[in-house]
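Colleague: Sequence and predicted model, in that order:
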Amino acid sequence: MNETAYERVKLARDNNRPTGLDYIRNIFKGFLEFHGDRSFADDTAIVGGIAKLNGEPVTVIAIEKGHTAKERTYRNFGAPHPEGYRKALRLMKQAEKFGRPIICFIDTSGAFCGIGAEERGQGQAIAENLMEMSTLCVPIISILIGEGGSGGALALAVADRVWMLQNAVYSVISPEGCASILWKDSAKAETAAASLKLTAEDAKSLGIIEKILSEKDIGKKEFYDRIRTLLSEEIKILANDLDLVSNRYERFRNIGAGVVTKENI
Amino acid sequence: MALLNFLKPKNQLEEGGRTSAPVQSDAGEPEKNCPNCHKDIPLSKLWANDLVCSCGYHFRMKARQRIRLITDKDSFRELYSGVTADNPLNFPGYKEKIETVRVASGEKEAVICGTATIGEQPCCLFVMESYFMMGSMGSAVGEKITMLFEYATKNHLPVIGFTVSGGARMQEGLLSLMQMAKTSAAIKRHSDTGLLYVAVLTDPTTGGVTASFAMEADIILAEPGATVGFAGARVIEQTTKKSLPQGFQKSEFVLEHGFIDSIVTRPNQKKTLTDILKMHDRKGSV
């Protein structure tokens, strides 16, 4: 646990880490993948569908980076287009209709920066997810398993519980991007990483996440069994929460409330 | 080089007008050079025309000037002017930066909120300030906009919002990112009550603001020639190694792709907003 913030960033980006599909395959049973946003295309960077969690039907959505070079290209390196966020929202609304809890696995350097992504409304797609997720009346748990790159990660993380793997990172901008904008020097990424407070411990102490998940036995059966149990227990608690939606509102309403000074108002 | 001017951001184009004294013409009146048509325009004429050149180029405008332009005389009551955030992450250089910006801009934060009437229609209003860290959104900006939507929901008022922003403020890290979710949730509550929100996107509206409250309005208007997008053009060029189409991310381009309702020139904005507010006034129809 003595890694620097930038070392954590490198660990979070490591190709050998389990990806979204690894979590889906090892935690759930009977996963059925559903494709497409019903508007333009199927985004291969986001995988979604229904599955059973300890026998209970749930909707599962994951940003997938892929492992091999071929997979990574096919998955666009886990950088979703607007149609990916729209597919995710379609599946979440389907989950709401049928009363299924939603579980999201997040691992992205960010929403894709490209001409087509802009033409098809990357900003609008993310904005709509933020707005709509805030009032979905089923439990939502989001887990950051690797990189949590800004708005592209947040678009699947307006949840009742947000958890992070011990070596996952969550940030408003990449340390390289931050260093290049502020100090015109991407080599200062180490300083930027430390200043951005992007580690799981930082996110927890800022009140942005509820839980840090240990990476002991990562990728092994014990690891996935542990997460399955945690998810199952938490969903039971959330399913009995009669003020689920207003508690979710307060959860985000109160983040950072302590840093704001209010004078003469 | 002048032909390539349109490629540069407006703040660079207008640098001469912002940081140095306008050029004196032979007649003695100060003038400003239009980055679009390259003509020298007497300042008095520019001011009389709401900082719009006769060629149609919209110069940047300070938030308080805009409030005077849009609202009925003496109707604006500012809210939450005392909401600020210092340096929650102890980010290097941020405290000094924000102090300098406060002095230079005369504002405490990058958004001004309040209530007003526009064409005698009561509403809540927020106007972002490009001269304050390019309207970047940190904890205080998010808090003020959230408080305004909560106030509007409680008092059954429509919200009019003028956006200008480089995106989330990186010096407040994750706390800035979370403002996107916080404001969006407050807007959803306002919307679910059946209340109206109109956004007017001005140059530039980008990043985390585009990916939250700029794109969440019932009706989205934009100024001509404004940059509206999620990712920065330079980043897209570097990532994709493709040259960008002409007019990429300008409001005309975004209109063509179906993401805004209408482009409205500055002199027509007050009337357009008045018409929209009147058509959503449910007095007497309940």
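Modeller: Happy to help now that I have it.

Colleague: Please identify the helix or strand for A:Leu230.
Modeller: When elements are assigned from DSSP states H and E, A:Leu230 belongs to helix A:221-239.

Colleague: tell me the angle the helix or strand just after that helix makes with helix A:221-239.
Modeller: Note on helix A:221-239: by DSSP H and E, the next helix or strand toward the C-terminus is helix A:244-253. Interaxial angle of helix A:244-253 relative to helix A:221-239 (axes from the mean of the first three to the mean of the last three CA atoms, to 10 degrees): 110 degrees.

Colleague: what helices or strands is helix A:244-253 leaning on?
Modeller: Judged by 3 or more CB pairs under 8 Å, 6 or more residues apart in numbering or on different chains; DSSP states H and E, helix A:244-253 is in contact with helix B:173-192. (Each C-beta comes from the backbone N, C-alpha and C, glycine too.)

Colleague: Show the average pLDDT along the helix it packs on.
Modeller: Confidence over helix B:173-192 (mean pLDDT, whole number) is 98.

Colleague: And stretch B:227-243, by the same measure?
Modeller: The average pLDDT for stretch B:227-243 rounds to 91.

Colleague: start to end distance for that stretch?
Modeller: 17 Å (CA to CA, to the nearest Å).

Colleague: quick one: contacts of that stretch?
Modeller: Here stretch B:227-243 makes contact (CB atoms under 8 Å, 6 or more residues apart in numbering or on different chains) with A:111, A:113-115, A:117-118, A:122-123, A:126, A:151, A:177, B:9-10, B:201, B:203-207, B:210-211, B:214, B:222, B:244, B:248-251, B:254, B:259-260.

Colleague: Now the buried members of those residues.
Modeller: Neighbour-count burial (16 or more other CB atoms under 10 Å in any protein chain shown) is assigned, among these, to A:111, A:113-115, A:117-118, A:122-123, A:126, A:151, A:177, B:9-10, B:201, B:203-207, B:210-211, B:214, B:222, B:248-251, B:254, B:259-260.

Colleague: Among the residues you listed, which are located in helices?
Modeller: Residues of the buried ones among the contacts of stretch B:227-243 located in helices (DSSP state H): A:115, A:117-118, A:122-123, A:126, A:151, A:177, B:10, B:207, B:210, B:251, B:254.

Colleague: ok, which stretches of the stretch 101-250 of chain B are strands?
Modeller: B:111-118, B:121-128, B:159-165, B:197-205, B:219-222 (DSSP state E, counting those that start in this stretch).

Colleague: now the ones you listed as a markdown table including distance to B:Asp74 and mean pLDDT?
Modeller: Shown next, in a markdown table, are the strands of the stretch 101-250 of chain B (distance: least, CB to CB, whole Å; pLDDT from 0 to 100):
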| stretch | distance to B:Asp74 | mean pLDDT |
| --- | --- | --- |
| strand B:111-118 | 10 | 98 |
| strand B:121-128 | 14 | 98 |
| strand B:159-165 | 17 | 98 |
| strand B:197-205 | 22 | 97 |
| strand B:219-222 | 25 | 98 |
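
Colleague: could those strands be laid out in TSV, adding distance to B:Met279?
Modeller: Listed next are these as TSV, based on distance: least, CB to CB, whole Å:
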stretch	distance to B:Met279
strand B:111-118	13
strand B:121-128	10
strand B:159-165	14
strand B:197-205	11
strand B:219-222	10
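
Colleague: A:Leu213: which of the ones you listed is closest?
Modeller: With CB to CB, the closest approach to A:Leu213 among those belongs to strand B:159-165: 34.1 Å.

Colleague: Show me what the closest one pairs with in its sheet, parallel or antiparallel.
Modeller: The strands beside strand B:159-165 in its sheet (DSSP bridges) come out as strand B:121-128 (parallel), strand B:197-205 (parallel).

Colleague: Quick check: closest non-adjacent residue to residue 80.
Modeller: Just so you know, I chose chain A. When the adjacent residues along the chain are set aside, A:Pro80 lies closest to A:Ala45, with 4.3 Å between them (CB to CB, 6 or more residues apart in numbering or on different chains).

Colleague: nope, chain B
Modeller: Leaving aside its chain neighbours, B:Tyr80 sits nearest to B:Lys144 (4.8 Å; criterion: CB to CB, 6+ apart).

Colleague: what's the answer for B:Lys271, then?
Modeller: Excluding the flanking residues, the one nearest B:Lys271 by CB to CB, 6+ apart is B:Gly119, at 7.4 Å.

Colleague: How many residues are close by residue 164?
Modeller: The chain I'm using is chain A. Neighbour count of A:Met164, defined by other CB atoms under 10 Å in any protein chain shown: 28.

Colleague: was after chain B, sorry
Modeller: Counted by other CB under 10 Å, the residues lying close to B:Val164 total 30.

Colleague: who touches it in this structure?
Modeller: Residues near B:Val164 by CB under 8 Å, 6+ apart: B:128-130, B:134-135, B:202-205.

Colleague: Looking at those, which is nearest chain A?
Modeller: If you rank the contacts of B:Val164 by distance to chain A using CB to the nearest CB, B:Thr205 comes first, at 8.7 Å.

Colleague: all strands for the stretch 1-150 of chain A, in order.
Modeller: For the stretch 1-150 of chain A, the strands defined by DSSP E, counting those that start in this stretch cover A:29-33, A:46-53, A:56-63, A:102-108, A:140-149.

Colleague: Among those, which comes closest to chain B?
Modeller: So among the strands of the stretch 1-150 of chain A, strand A:140-149 is nearest, using CB to the nearest CB, at 8.9 Å.
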